[in-house]
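Asks: sequence plus the predicted model coming up.
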Amino acid sequence: MAISRPHKSRRIARIQVFAISTLSVAGIINYIDRGSLAIANTTIRADLGISATQMGILLSIFSLAYAIFQLPMGILLDRFGERLVLGAGMFLWSVTQAATGMVSGFTSFFAARVGLAVGESPFVISAVKTVNDWFDVRDRATPMGIVNSATTMGQAIAPPILTVTMMAFGWRGMFMLIGIPGLILSVVWYVFYRDRRAVSLSDHEMEYLDTSGQKSDLRNDRTRISSAQWLGLFRMRTMWGMMLGFGGINYTVWLYMSWMPNYFEAEHHVSIAATGMIAVIPFAFGTVGMLISGIIADFWVRRGSAPIKTHRTLLVTGLTCSAICTLLVPYIPGAMGAAFGIGLALFFTYLAGNSGWGLVQSIAPAEIVASVGAIQNFGSFICASFAPIITGFLLDRTHSFHLTLVICAMVSFLGALSYLLIVKDPIVIGEKKQLEGVS
């Protein structure tokens, strides 16, 4: 049964609109930047004399460095807030992206990919923390769905935009130009956004924001997680289940984002220009999956379904269906048919992915949402970092994507099992429970 709750003030509504709008634009820019190397894959390999295995390393080192830097970013966000940390991150990733246009070989390209990963590492966790801070629990899945769908929209529009830009200015000019929008947005975010702890809220506003039952004074330094509590998160069954489960999501996303254009070129003999248009289809499916996930989750929660149960259901269903679709991709004839098959796989992957972040907000206390989200992303991107390099290695030896897609489907299915069998109980941060690793 739906429960009545306080109305939000106009000020809260304005903050919500600004935050979600800016984060959505940042998400589009973020994933256009991430997709640039995949679009220029073949051209860069020919220009710099890089093998498929070396390209796999360049694609993988981003996700590996991204994973490693999730850990300090979670702590920094819980300590210093998303205004400063995300603003600095956007500035760094944009500068690094522009500098990528000046690389001279594999080593400098390697360094540029690491810099891009460090800059982008606070984005998703900042979005989770922002939504957690400024939305009631019954309203969080939809704004997270909007932000997450913006990232998939970035992936969808990246291929044609990047392809046209590369053909007009070369791959070096492409990298330089796409770094500019992020620089502008980093200034906008830092100047106009304010963390919740920096805003003096009325009792009515506090009542609306605390309807979730996770009442905590985010301005109180005593709510910050201690080093012992943070380390204790790694000893929790639930935390490991979330890392492994989300790994199934990010492995699939990173495989398709990194190698899908090359897949169409190699398996279906599609030109670079045509690939840029066909690649729009799968990520458009993903955008729809993100939005639908948020709407479904909020609908169920508002009608009395437990948030944790709601998100686990969507996670298990989405990952299982994604695995089935990925297995079928090699057997679908034609480039357009394959694009729709990959699109269905990504639809279900992102249906699960949005609920992965909804689960973080539901299963963890408000004051450690960023830390829990960062650890989840750390584990998942460790898993995802293997996707590009395994693909490049197998491609050099088998000249086929078939085995890589089978491996991807297996990882997705294992992710579903992780959410079904391992992720059970809420995360508790009492000092004694944390030190004992109780979940």
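Replies: The structure has been received and is ready for your questions.

Asks: contacts for the helix or strand hosting residue 89?
Replies: For residue 89, the element it lies in under DSSP states H and E is helix 82-99. Contacts of helix 82-99 from elsewhere in the structure, counted by Cβ atoms under 8 Å, 6 or more residues apart in numbering, are 26, 29-30, 33, 36, 73, 76-77, 112, 115-116, 118-123, 126, 129-130, 175-176, 178-183, 185-187, 189-190, 193-195, 198. In this view, the C-beta of every residue, glycine as well, is placed from N, C-alpha and C.

Asks: same thing but 7 Å
Replies: Contacting residues not belonging to helix 82-99 are listed as 26, 33, 73, 76-77, 112, 115-116, 118-123, 126, 129-130, 175-176, 178-179, 182-183, 185-186, 189-190, 193-195 [Cβ atoms under 7 Å, 6 or more residues apart in numbering].

Asks: repeat that for stretch 250-269.
Replies: The contact list for stretch 250-269, computed with Cβ under 7 Å, 6+ apart, reads 34-35, 38-39, 41-42, 59, 63, 155, 159, 270, 272, 275, 278-279, 282, 322, 326, 335, 338, 342, 345-346, 349, 380-381, 383-384, 387-388, 391, 401, 404, 408, 411-412.

Asks: ok, the closest residue to residue 248 other than its chain neighbours - how many residues close by?
Replies: Spatially, and ignoring its direct neighbours in sequence, residue 248 is nearest to residue 415 (1.9 Å; Cβ to Cβ, 6 or more residues apart in numbering). Counted by other Cβ atoms under 10 Å, the residues lying close to residue 415 total 32.

Asks: how near is the residue nearest to residue 241 when sequence neighbours are not counted to residue 416?
Replies: What sits nearest to residue 241 in space, not counting adjacent residues and going by Cβ to Cβ, 6+ apart, is residue 422, at 3.0 Å. In this structure, residue 422 and residue 416 are separated by 11 Å, where distance is defined by Cβ to Cβ, to the nearest Å.

Asks: ok, these two, which is more surrounded?
Replies: Each of residue 422 and residue 416 has its neighbours counted (other Cβ under 10 Å); residue 416 has more, 22 against 17.

Asks: give me the pLDDT for the more buried one.
Replies: At residue 416 the predicted local distance difference test score is 97.

Asks: my guess is it contacts residue 321. True?
Replies: No: between residue 416 and residue 321 no contact is recorded; they are 9.1 Å apart, counting by Cβ atoms under 7 Å.

Asks: related to what we said a few turns ago, next helix or strand past the helix holding residue 89?
Replies: helix 106-120.

Asks: beyond that following helix, next helix or strand please.
Replies: Past helix 106-120, heading to the C-terminal end, the next element that is a helix or strand (DSSP H and E) is helix 123-134.

Asks: buried sites along that following helix?
Replies: Neighbour counts over helix 123-134 (16 or more other Cβ atoms under 10 Å) mark 123, 124, 125, 126, 127, 128, 129, 130, 131, 132, 133, 134 as buried.

Asks: what is the mean pLDDT for that helix?
Replies: The model assigns helix 123-134 a mean pLDDT of 90.

Asks: which SSE is immediately downstream of that helix?
Replies: Moving toward the C-terminus from helix 123-134, the next helix or strand (DSSP H and E) is helix 141-178.

Asks: right, and the helix or strand after that following helix?
Replies: Towards the C-terminus, the helix or strand next in line after helix 141-178, according to DSSP H and E, is helix 180-192.

Asks: what does that following helix rub up against?
Replies: For helix 180-192, the external contacting residues (Cβ under 7 Å, 6+ apart) are 18, 22, 25-26, 29, 33, 83, 86-87, 90-91, 93-94.

Asks: report the distance from the helix or strand that comes right after it to the chain centre.
Replies: Moving toward the C-terminus from helix 180-192, the first helix or strand encountered (DSSP H and E) is helix 203-209. Using Cα atoms, centre = their mean, to the nearest Å, we find the averaged C-alpha position of helix 203-209 to lie 30 Å away from the chain's own average C-alpha position.

Asks: got it, and stretch 390-410?
Replies: Distance of stretch 390-410 from the chain centroid (Cα atoms, centre = their mean) equals 23 Å.

Asks: how about stretch 359-377?
Replies: Computed by Cα atoms, centre = their mean, the chain-centroid distance of stretch 359-377 equals 14 Å.

Asks: then it to CSV, C-alphas only?
Replies: Below are the C-alpha coordinates for stretch 359-377, written out as CSV (Å, rounded to 0.1, in the frame of the first residue of the first chain):
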residue,chain,number,x,y,z
LEU,A,359,20.5,-1.7,-4.7
VAL,A,360,23.5,0.3,-3.4
GLN,A,361,21.2,3.1,-2.3
SER,A,362,18.7,0.6,-0.7
ILE,A,363,21.2,-1.7,1.0
ALA,A,364,23.7,0.8,2.5
PRO,A,365,23.3,3.6,5.1
ALA,A,366,23.2,7.0,3.5
GLU,A,367,26.6,8.2,4.9
ILE,A,368,28.5,5.4,3.2
VAL,A,369,26.7,5.1,-0.1
ALA,A,370,29.7,6.5,-2.0
SER,A,371,32.1,4.0,-0.4
VAL,A,372,29.8,1.0,-1.0
GLY,A,373,29.2,2.1,-4.6
ALA,A,374,32.9,2.6,-5.1
ILE,A,375,33.8,-0.8,-3.8
GLN,A,376,31.0,-2.3,-6.0
ASN,A,377,32.4,-0.5,-9.1
